[in-house]
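A.B. asks: Please find the sequence and the predicted model below.
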Amino acid sequence: MAMPVAGTETIDLNTQNFPEYRAGVMAVEIARYGSLSHYPPDAPREGRRPLLQFPVETIEGTLANPRAIGLGLRFSGRIIAYAIGSPLENHEEEGVPDDPHYGDNQTFYLLAMAVHSSVENLGEMENHLLDLLRDRVIGQGYLCFSALIEQRFHESGPPWLRAAEVLRVVENYLGSGLCFVYLHASLAPSAALAQLKTP
């Protein structure tokens, strides 16, 4: 169903309240990335789990970082979307060691994000979640934002993400059949605006 963005409730996820929301977050993750029917037959997996699907232990481990940020969106009492991340230096995903700001401890890395597949206005909800996340990231004093994310976000995401620099393109990421890009964005409003105006 289409869900009005204004009708969603924003929840700050942390280690204290995550047990309450764990099942809802994982239901979103599994609905978005868990159906093996959406992947090529030879897509790598760990047990019955396709590798694009994050296990709950990874999500909990990320939230345990003191500078982690986690957000959930709830609609009619149900979690319909979430996003989590922490300082870049905590992660080992492809492209992270080559990030130009690795070691500065000023870059937020978006580890995981998903909107439930039943949400018809998926793009609108994803962009809303990303904008909320950006506000939290800036509020915690981060200067940059990085992510290894589906390429479509660089084409249809919020303006600040479309203005991000593409540092790496990964075709067929983890055998998923999807193209991912490693994006790096400055969180300074003037920098994002200048990039958008550049022909």
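C.D. replies: Nice, thanks for sending it over.
A.B. asks: For the protein, which segments are assigned as strands?
C.D. replies: 9-13, 45-46, 49-50, 69-75, 78-87, 107-115, 144-150, 165-170, 180-186 (DSSP state E).
A.B. asks: looking at those strands, which has the lowest confidence?
C.D. replies: When those are compared by mean pLDDT, strand 49-50 comes last with a mean of 46.
A.B. asks: picking up where we left off before, could you export the strands of the chain to a markdown table, including columns for mean neighbour count?
C.D. replies: Any C-beta I mention is one placed from the backbone N, CA and C, and that applies to glycine too. Output for these, formatted as a markdown table (neighbours: other CB atoms under 10 Å):
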| stretch | mean neighbour count |
| --- | --- |
| strand 9-13 | 15 |
| strand 45-46 | 12 |
| strand 49-50 | 17 |
| strand 69-75 | 21 |
| strand 78-87 | 22 |
| strand 107-115 | 23 |
| strand 144-150 | 22 |
| strand 165-170 | 14 |
| strand 180-186 | 22 |
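A.B. asks: Chain neighbours aside, what residue packs nearest to G70?
C.D. replies: Among residues not flanking G70 along the chain, L13 sits closest, at 3.1 Å (CB to CB, 6 or more residues apart in numbering).
A.B. asks: need the contact list for that neighbour.
C.D. replies: Y21, V25, L63, G70, L71, G72, Y82, I84 (CB atoms under 8 Å, 6 or more residues apart in numbering).
A.B. asks: In this structure, where is pLDDT below threshold?
C.D. replies: For the chain, the stretches with pLDDT under 70 are 34-52, 189-199.
A.B. asks: For the nearest residue to R67 once chain neighbours are set aside, list each beta-bridge partner.
C.D. replies: Leaving aside its sequence neighbours, R67 sits nearest to P87 (CB to CB, 6+ apart; 5.3 Å). As for beta bridges, P87 partners with F108 under DSSP bridges.
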